[in-house]
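> starting from these lines, generate the structure:
(chains A and B)
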Amino acid sequence: MKHDPRTDAGLDLTLSEISALTTRATRGAGRSWGEAEEAAEAACWLARAGLDWAGALLEVLQPPEAGADCALRTGIALADAAALPGPLVNTPLRVNSPCFLLPFAARMADQTGQRIRLTAAETRVVLAPGACPLIASPGRMSGPAQVTLAPDQQDQPPSPDWPQTHRGTVIAAKYARLTQLMMAFTVPTSAHSHAGAGAQGDDND
Amino acid sequence: MSCEGLNPMPQARNFRRSPDEVMRLVRMGCSHPTRLSFLRQLLRRMQAEDWRFDRPVWEVDARGVGRAVYRAIGPVRTYSLVAFSHDLPPEVRSDRVIATAWDATFALFDGTPTPADLDRLAANVPLQEAGRISPRELSLSRANRSVRLFDHVVARLAKGAQPDAAMLRETGYLMRTTAVYGSGKFGAADRAAIAQRPELSAPFQAEMLSVWLTRAFTVDLVEHLARAKGGEKAARLSPELKSGLGVGNSTGLGMAPFLIHHPVLLNNWMLAREEALARVRAQASIGADELAGFQAALNAARENADLWTSAHDIQRAKLADLRDSLARIAAHVAQGWDQSAAHPWDDLWRWGCEALPLEGQEALLAAMLEPHGALIDGLGECMDADEGTAFPINGAMPVGELRAILRAHYDWALGIDYTERAQCARFWYVSEDKLEPRLGERHEEPGAERELPLDTGRQAAALWQALQDQPEDQPVAHLLMAAPENRLAVRRAQITARHPFAEIRDNLIAAEMLPIDILRCKLAFFGATRFDPRSDRWVRISLFQDAPYPDDLNGGGDEA
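Residues are numbered from 1 along each chain as shown, chains lettered A, B, ... in the order given. Here you go, the predicted structure:
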């Protein structure tokens, strides 16, 4: 992909590219395939919402600091359990990226059919089923933070429409880091594979 | 999307083949294009909606270098193929994905490009993967000349003569594409951005349109070069010879994992085709038009089989099966077929299943569908997929239910010993150089620790083991907390329970697995003909052979 690493300008990626890069970078970071698929789905959701998908992804691919949990693993567990009987988890969680919990909270909203509110310090985000996230109170969404997820029963303005664009931006430094992680999961092509793929033939026929 | 609730022929369900019969590689590797194939859907829509076509830009010099624009003007939107023609030295001509230069490069533009758009594309499209396109583009592709035929055609036309018909038949195309990228690749518009447009909702319509317009470009280019060389005496290609030309395509492992990565889409393709077959088999009588159409399709299939050649041992054997099968079908139709049976098409089908090898059975399927457009063409609208809704795992599903799903849909996978060398001989990976899928030999090559999760059978078997001794009522969410390594298998199983044709029911890492079987199935859905494997993992095919050209449709051409 043509990209000048000397600049810090944002690189515009398609959702397809974000999905492929995230899957491979997550796998390259040593996570399981199951987590890699979930991370890709979450990164695309964040990109569609116009949020910092690459920053949040890089945060969750770092080992969490003591006392914090991985937002990816926490999010997966919460979303899987959303349809189980019982109250929604509303005990505080401490995760390495509050932002990366958002797509999973959105899935909880989808599965339960109710609005979910994510609170992290001064930040409040409301997730209605199928809707674009409503940033009810903007604030910092990065770094380790204590997060609360709870059903939202307050009057809220309608959720914004999903943007029509299907892209996401990433700054050069984050793109370079994700690419580096991705390359850790690739394999040099063997001579056998080259030969079987047609390397021995002449295409001037 | 699911069209099940809208099915106007629910009684056809009784005539459907089972996924266990259909989703085996040995049968998928005998797939033939049908009237539901994606290029056929494109041509039918353009004809039905009276699309118009023109070529507003042709700036190509006497060496064949320059640019051209071909427009397809639909009732609501216009799409333009932007073509760049290059002067390529023979020593750099390569069909492989590692190539960096090609005879021609293309982008399908959303609308009519301005001069500024063309300049932007000229700076990027010839670079292909090393360039960058925008959301205004729907596909990116390139093609190489079939040099011997291309030069022959130019030389003959320049002298005012027609090229040798046998040479044209033997190769079948002037250029072959070596990659056609769409769906968000290299900056192009994502599938989600265009999927709601009726004309692009069926799979791969933008890519098919790009290739179809590329076919027109290849003919225009040889005629242009002939005129540049021969002047006034140069001839144009005769309509008969022109019609027999398609666009070649050289493709390999890169497209194989697609069918595993998109299980719901695969299900919808297969289910539409299987429902089409079932509807035909369920008919209580044979109409005269349908009978005539079927016989015409059989004749066309026999002609095609006679022209279809391959140097690959496996394919040669299949071609022998095909030719023999088509002859036997023709004989049975003429003499043995009981056309007064309660379900005469079903009677023919059942005979075929008894009498024919797989290659012949699948050819019979394609011929039976051909005259039944009114009955089955609507199924084309069920071949896209909303994959997002299938993604979330149902964590509330009890382990007992998951176990029952595995028993019902993964029986093929559960009895295999994946520690045996032959059952785990291969591994799929992403190549370091081109980030493309590749196939490695596990016991001979490094890298298996980074393999792609295409070992679907092995994963299902591992999940089956993980479920042993688990309480029947334990929710899957709890299972995955304790055994998260089974996540992919749980998702695939839950998808397959709702979409029974979602899974290729074979061990994709076994020593005897043939990637070309996966390729043939996918390419048949595209509408590819002349499937010609060059090894067990790459093939050449032809697209749009015998199809109309844009000028034919401008004049109201034959039905696709």
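
> for the chain, just list every one of the strands.
All of this is about chain A. Taking DSSP state E, the strands of chain A run over residues A:11-14, A:93-95, A:116-120, A:123-127, A:134-137, A:145-151, A:167-170.

> wrong one, chain B
For chain B, the strands defined by DSSP E cover B:52-60, B:66-73, B:78-85, B:104-110, B:137-145, B:173-182, B:246-252, B:426-430, B:437-441, B:529-533, B:538-543.

> what's the burial count for residue 182?
All of this refers to chain A. Counted with other C-beta atoms under 10 Å in any protein chain shown, residues neighbouring residue A:182 total 21. (Each C-beta comes from the backbone N, C-alpha and C, glycine too.)

> meant chain B, my bad for not saying
Close neighbours of residue B:182, defined as other C-beta under 10 Å, add up to 25.

> distance of it from residue B:358?
As judged by C-beta to C-beta, to the nearest Å, residue B:182 and residue B:358 stand 31 Å apart.

> output the lowest mean pLDDT helix or strand found in chain A.
Ranking every helix and strand in chain A by mean pLDDT, DSSP states H and E puts helix A:191-194 at the bottom, with a mean of 69.

> quick check: the residue of the stretch 401-550 of chain B nearest chain A.
residue B:487 (2.7 Å; C-beta to the nearest C-beta).

> for that residue, which non-adjacent residue is closest in space?
Leaving aside its chain neighbours, residue B:487 sits nearest to residue A:34 (2.7 Å; criterion: C-beta to C-beta, 6 or more residues apart in numbering or on different chains).

> so how far is stretch B:239-256 off the chain centroid?
Relative to its chain's centre, stretch B:239-256 lies at 12 Å (C-alpha atoms, centre = their mean, to the nearest Å).

> now stretch B:114-127
29 Å.

> is that stretch positioned near chain A?
Yes. Applying C-beta under 8 Å from any C-beta of the partner chain, one finds stretch B:114-127 touching chain A at B:124, B:127.

> neighbours of the residue nearest to residue B:133 when sequence neighbours are not counted, how many?
Nearest residue to residue B:133 in three dimensions, chain neighbours excluded: residue B:187, at 4.5 Å (C-beta to C-beta, 6+ apart). For residue B:187, the neighbour count with other C-beta under 10 Å is 24.

> ditto for residue B:62
Here the number of neighbours of residue B:62 (other C-beta under 10 Å) works out to 11.

> what do you get for residue B:288?
Residue B:288: 7 neighbours (other C-beta under 10 Å).

> what about it, distance to chain A?
Per C-beta to the nearest C-beta, to the nearest Å, residue B:288 is found 46 Å from chain A.

> so for that residue, what's the pLDDT?
We have a pLDDT of 96 for residue B:288.

> so what's it up against?
Listed by C-beta atoms under 8 Å, 6 or more residues apart in numbering or on different chains, residue B:288 has no contact partners.

> likewise for the one 5 residues further on?
Neighbouring residues of residue B:293 by C-beta under 8 Å, 6+ apart: B:370, B:371, B:372.

> adding distance to residue B:273 and neighbour count, write the residues you listed out as CSV.
Listed next are those as CSV, based on distance: C-beta to C-beta, whole Å; neighbours: other C-beta atoms under 10 Å in any protein chain shown:
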residue, distance to residue B:273, neighbour count
B:370, 13, 22
B:371, 16, 21
B:372, 12, 21
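
> which of those residues lies closest to chain A?
Closest approach between the contacts of residue B:293 and chain A, by C-beta to the nearest C-beta: residue B:370, at 32.3 Å.

> just to revisit the earlier point, turn the strands of chain B into a markdown table, columns for mean pLDDT and distance to residue B:33.
Formatted as a markdown table, these follow (pLDDT from 0 to 100; distance: least, C-beta to C-beta, whole Å):
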| stretch | mean pLDDT | distance to residue B:33 |
| --- | --- | --- |
| strand B:52-60 | 98 | 23 |
| strand B:66-73 | 98 | 22 |
| strand B:78-85 | 98 | 22 |
| strand B:104-110 | 98 | 22 |
| strand B:137-145 | 96 | 20 |
| strand B:173-182 | 94 | 16 |
| strand B:246-252 | 91 | 12 |
| strand B:426-430 | 95 | 26 |
| strand B:437-441 | 93 | 24 |
| strand B:529-533 | 89 | 6 |
| strand B:538-543 | 91 | 10 |
